[in-house]
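fold the stuff below for me.
(2 chains)
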Number of protein chains: 2
Amino acid sequence: MTEKSNFSQWYHEILENAEVIDQRYPVQGMLVYRRWGLSIIRAMQNELEGMLEASGHEPILMPVLIPEDVLGKETKHIAGFEEEVFWVTHAGKNELERKLSLRPTSETSIYEMFSLWIRAHTDLPLKVHQSCAVYRYETKHTRPLMRGREFLWNEGHSAHVDAVDTEKNIADIKEIYTRLISGLLCLPFNLSIRPEWDRFPGAVYTCAFDTIMPDGKTLQIATVHNLGQTFSKVFGIKFEDEKGRHEHVFQASYGPSFGRLLAAAISIHGDDNGLVLPPRIAPVQAVIVPIIFKESEGIVMAFAERVADKLRGMGIRVYTDAGDGRPGAKFYRWEMKGVPLRIEIGPRDVEKNAVMAVRRDTGEKQSLSFDKIDDVRGIFTEIENNIRKSAKEKFDAMAGSAKGLEELKSKAGYGIISVGWCGGKSCAEKIEEFADILSVEEKQGVCPVCGKKGNSVKMGKSY
Amino acid sequence: MTEKSNFSQWYHEILENAEVIDQRYPVQGMLVYRRWGLSIIRAMQNELEGMLEASGHEPILMPVLIPEDVLGKETKHIAGFEEEVFWVTHAGKNELERKLSLRPTSETSIYEMFSLWIRAHTDLPLKVHQSCAVYRYETKHTRPLMRGREFLWNEGHSAHVDAVDTEKNIADIKEIYTRLISGLLCLPFNLSIRPEWDRFPGAVYTCAFDTIMPDGKTLQIATVHNLGQTFSKVFGIKFEDEKGRHEHVFQASYGPSFGRLLAAAISIHGDDNGLVLPPRIAPVQAVIVPIIFKESEGIVMAFAERVADKLRGMGIRVYTDAGDGRPGAKFYRWEMKGVPLRIEIGPRDVEKNAVMAVRRDTGEKQSLSFDKIDDVRGIFTEIENNIRKSAKEKFDAMAGSAKGLEELKSKAGYGIISVGWCGGKSCAEKIEEFADILSVEEKQGVCPVCGKKGNSVKMGKSY
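Okay, the predicted model is just below:
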């Protein structure tokens, strides 16, 4: 396998070798999700949905098609998406009376329903979510899982009596996404408010979670939009308050991209030997490799079965690789697939009533007695902590700052760089020649273009 | 609520009142799945996927778009679907170079990948499945969950070294679908081989599972197709056998419709008071309704909490309805929603360290002591057995036979009717004026049209 220092090639190879996805589907920017990749996505989806539902979100599923007149109701929104929309114009041999879009996002279709579902303040807050695919005709170069024309995400949508309750929900969502990104996936991120010109079409403001890929480029993995009353006014989403007055609701929408989260987890935790999966999303958490010699095959297999049963009873996803092939080849394969823990069982281990446990992240080996198999849970926590820490160190090492244009030029595009900005539009344009402005910060700084004092911005070269 | 004897109105009302789906989405034949309906579908999906994966199927997820040239490779297949396909022709403001279809089914896109994945006999059998939505521009009258333009299903696809192994898999699938339909959903069905003219486009033969709705119409809920080598020859899916020869694989494809299964479970088990859900698919399996008087509120709520915790610990989905409102109104609501078991807890129950358990299917009440809460599992099994039995009785009562044309005319359209058929095409057309021929049977009979001896057919008026 290619070394990870050659990131782009390593990434393409590991997606194929580990059977994460297949890029050979004959529509550009659309992927076939294979067992390994799909199982990881389903694991993060389940965790996220559980958290959202515990916080009062109802699961829904909307049609994939949104009529042109519904998608176009909010003018800024449609202006932001119109270049990217796939249009269904025909059915059978007939031309449709009105064009139907493949949803690029579901604000408009969901708010069409909100206007039917919301009547009184007792219906609020209304919080819904759906896990689905959305469709955007990307004209930029597509990259598997990072930028595609069909991508998997979860989108949440809320309606509230006022701005204060909306902000409360936004705070909850940031907390939930933090648990998803940092807690479950062990990934570091920068959370910031996007500059005005990079807001979601129709939003009052947009927050974004960015992480940094091994090549120094930033990847936006989730966004949260405060929509104010933009959509409720256009879609007529009103409620009767306690005094009998009819008011428009306040709204938020938010979503992480499962594809990008997967791309980030693969890229940031992976190493020269392949994937290193966070235990809670690994399709197989522990792989048992029996070391078989003819004379001891029976007792080794019987013991392996007992170990597998015990782990399974603890709720751990175990696979016993009893197939043909030498142990070395099996080790190589499951390392490449990123299984967090390998459990080797040979005749000597059986004699000792123990197994040899090998960590994927560190390669560390330890003998675990059968009665102490429960320790596997603790090992998983150690793995999580270790890969989270090591990812954070790499992330922090890619944070920098630049003073003048020369320094900006040399540093921009690798990690997240802080630089001054006067607040002027033409200076922003000049600065963005080097990388994208992710956010405008409170921190003061000196504009590298005009030399005036002002705020500072965080920059990164986005995927 | 409308009585169930007025089935059509009852059905539409219960879908709305129980928040199963919303039919008001502004694209005809496309539904919004709401929490209650979506949760039921997810429960059946999880059970089915578990069984398929235990039988060696890998989960995959294909793009929703299939290019025209791929969809059109197999001529009979495209001929069968071309009237029903939605076409994406534009993206942004540009016309696409080639049209992309919204998948009406995924044989063609999956077999395009099979031709890349399959090389040698060691790659076989290859069995994959995906749960997804498919799109068909129905020109018949659409009916929610029964006939729509977007519907949710699971589709399985397999490739084998020979016809014998294909048949073995088809037998496994029939067994799995039987466990899904009869075991999980407690629904009766008729399994038969569709007549030649009603085969899946491209299939060697098609088996279908039909059930009977309360109005006597039949509903096809799942199909299994033996595809022979039709697709493998067109898509070039070949393998090298043990002797180094290159052969085309044998294939099968199969799928149940989640929407139709849900429609059948709602319609067949439901009663005048609303849904009656089979326990294993109920989003809430037991609802606790505390009977609150001011002076005993504290002890009742504390006891309800203990009961809920104990049930939850058993893996049961419990909801405690502690909201405002009188108990009667709560009973009515949860009955309508079809929750299998209501658990009433009042101050006297607390004194007795017991709860009052009320079955949704029979209305039967029984006092359960706290230490015997485990019995709830047994009650669920009793409910399953009871609703399965009662549905089967209704199904059997709608099986009949007809001798002459007059009798056929009077009986056709209500249940599944057996009638003779000479085997001639024009007689089949005449017979099908009254109802659809579901299958040709071994059983002998006399053709009601021409009076010649021949086989018999089973007939039903399909939804």
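
C-alpha coordinates for stretch A:77-91, CSV please?
Extracted in CSV, the C-alpha atoms of stretch A:77-91 (Å, rounded to 0.1, in the frame of the first residue of the first chain):
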residue,chain,number,x,y,z
HIS,A,77,-32.6,30.3,-1.2
ILE,A,78,-33.3,29.4,-4.8
ALA,A,79,-30.7,31.8,-6.0
GLY,A,80,-28.1,30.0,-3.9
PHE,A,81,-29.0,26.6,-5.3
GLU,A,82,-30.3,27.1,-8.8
GLU,A,83,-27.0,26.3,-10.5
GLU,A,84,-26.8,23.0,-8.7
VAL,A,85,-30.2,21.5,-9.0
PHE,A,86,-31.0,18.3,-10.9
TRP,A,87,-34.4,18.6,-12.6
VAL,A,88,-36.8,15.8,-13.4
THR,A,89,-38.7,17.0,-16.5
HIS,A,90,-40.2,13.8,-18.0
ALA,A,91,-42.0,10.7,-16.8
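
for it, the averaged confidence score.
Mean pLDDT, stretch A:77-91: 94.

ditto for stretch A:267-276
On average, stretch A:267-276 scores 98.

give the buried residues for that stretch.
Buried residues in stretch A:267-276, counted by 16 or more other Cβ atoms under 10 Å in any protein chain shown: A:267-270, A:273-276. From N, CA and C alone the C-beta is placed, and that goes for glycine too.

now those residues as JSON lines including distance to chain B and secondary structure?
Listed next are the buried residues of stretch A:267-276 as JSON lines, based on distance: Cβ to the nearest Cβ, whole Å; DSSP: H, G, I helix; E, B strand; the rest coil:
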{"residue": "A:S267", "distance to chain B": "21", "secondary structure": "helix"}
{"residue": "A:I268", "distance to chain B": "23", "secondary structure": "helix"}
{"residue": "A:H269", "distance to chain B": "23", "secondary structure": "helix"}
{"residue": "A:G270", "distance to chain B": "22", "secondary structure": "coil"}
{"residue": "A:N273", "distance to chain B": "24", "secondary structure": "coil"}
{"residue": "A:G274", "distance to chain B": "20", "secondary structure": "strand"}
{"residue": "A:L275", "distance to chain B": "18", "secondary structure": "coil"}
{"residue": "A:V276", "distance to chain B": "23", "secondary structure": "coil"}
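
can you tell me which of those residues is nearest A:D162?
Distance to A:D162, by Cβ to Cβ, is smallest for A:I268 among the buried residues of stretch A:267-276, at 39.0 Å.

now that closest one: closest residue in space that isn't a chain neighbour?
Distances taken as Cβ to Cβ, 6 or more residues apart in numbering or on different chains place A:A391 nearest to A:I268, at 5.1 Å, with adjacent residues excluded.

which stretches in chain A count as helices?
With DSSP state H as the criterion, chain A has helices at A:7-17, A:35-54, A:68-71, A:75-81, A:107-117, A:163-178, A:230-235, A:258-269, A:297-313, A:327-336, A:347-351, A:375-397, A:405-411, A:425-431.

please enumerate residues in contact with the third one?
Right, the one you point to is helix A:68-71. The contact list for helix A:68-71, computed with Cβ atoms under 8 Å, 6 or more residues apart in numbering or on different chains, reads A:77-78, A:81, A:85, A:87, A:98-101, A:108-109, A:112, B:26.

ok, now with 7 Å
Residues outside helix A:68-71 that contact it (Cβ atoms under 7 Å, 6 or more residues apart in numbering or on different chains): A:78, A:98-99, A:101, A:108-109, A:112, B:26.

list the buried ones in it?
Applying a neighbour-count criterion of 16+ other Cβ under 10 Å, the buried positions in helix A:68-71 are A:70-71.

and the fourth one, by the same measure?
Residues of helix A:75-81 classed as buried under the neighbour-count rule (16+ other Cβ under 10 Å) are A:77-78, A:80-81.

out of the helices of chain A, which one sits most buried?
Mean neighbours per residue, mean count of other Cβ atoms under 10 Å in any protein chain shown, is largest over those for helix A:258-269, with a mean of 25.

which elements pack onto it?
Contact here means 3 or more Cβ pairs under 7 Å, 6 or more residues apart in numbering or on different chains; DSSP states H and E; on that basis helix A:258-269 packs against helix A:35-54, strand A:150-160, strand A:218-228, helix A:375-397.

in the stretch 251-400 of chain A, what residue is nearest chain B?
At 9.8 Å from chain B, A:P283 is the closest residue in the stretch 251-400 of chain A, using Cβ to the nearest Cβ.

contacting residues for A:V350?
For A:V350, the contact set (Cβ under 7 Å, 6+ apart) comprises A:299-300, A:303.

could I get the contacting residues of the residue most central in space within chain A?
By Cα atoms, centre = their mean, chain A has its centre lying nearest to A:L261, at 2.4 Å. For A:L261, the contact set (Cβ under 7 Å, 6+ apart) comprises A:44, A:185, A:221.

could you give the bridge partners of the closest residue to A:A357 other than its chain neighbours?
Using Cβ to Cβ, 6+ apart and skipping the chain neighbours, the partner closest in space to A:A357 is A:L368 (5.0 Å). For A:L368, the beta-bridge partners are A:V355 (DSSP bridges).

next, the buried residues of stretch A:284-301.
Those would be A:284-292, A:296, A:300-301, for stretch A:284-301 by 16+ other Cβ under 10 Å.

list the contacts of it.
A:279, A:304, A:307-308, A:311, A:316-322, A:327, A:330-331, A:334, A:339-347, A:350, A:376.

who's the nearest residue to A:M336 once chain neighbours are set aside bridged to?
Leaving aside its sequence neighbours, A:M336 sits nearest to A:G274 (Cβ to Cβ, 6+ apart; 3.4 Å). Beta bridges link A:G274 to A:D271 when assigned by DSSP bridges.

mind checking how far whatever residue of the stretch 151-300 of chain A ends up closest to chain B is from B:P63?
Relative to chain B, the nearest point of the stretch 151-300 of chain A is A:L152 (7.9 Å; Cβ to the nearest Cβ). With distances taken as Cβ to Cβ, to the nearest Å, A:L152 is found 11 Å from B:P63.

before we move on, the earlier item: so who does the residue nearest to A:M336 touch?
Counted by Cβ under 7 Å, 6+ apart, A:G274 has contacts A:1, A:14, A:18, A:335-338.

now these in a markdown table, with pLDDT?
Shown next, in a markdown table, are those (pLDDT from 0 to 100):
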| residue | pLDDT |
| --- | --- |
| A:M1 | 82 |
| A:I14 | 98 |
| A:A18 | 98 |
| A:E335 | 98 |
| A:M336 | 98 |
| A:K337 | 98 |
| A:G338 | 98 |
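
in stretch A:141-149, what counts as buried?
Along stretch A:141-149, these residues count as buried under the neighbour rule (16+ other Cβ under 10 Å): A:143-149.

which one of these is nearest chain B?
Proximity of these to chain B (Cβ to the nearest Cβ) peaks at A:R149, which lies at 8.4 Å.
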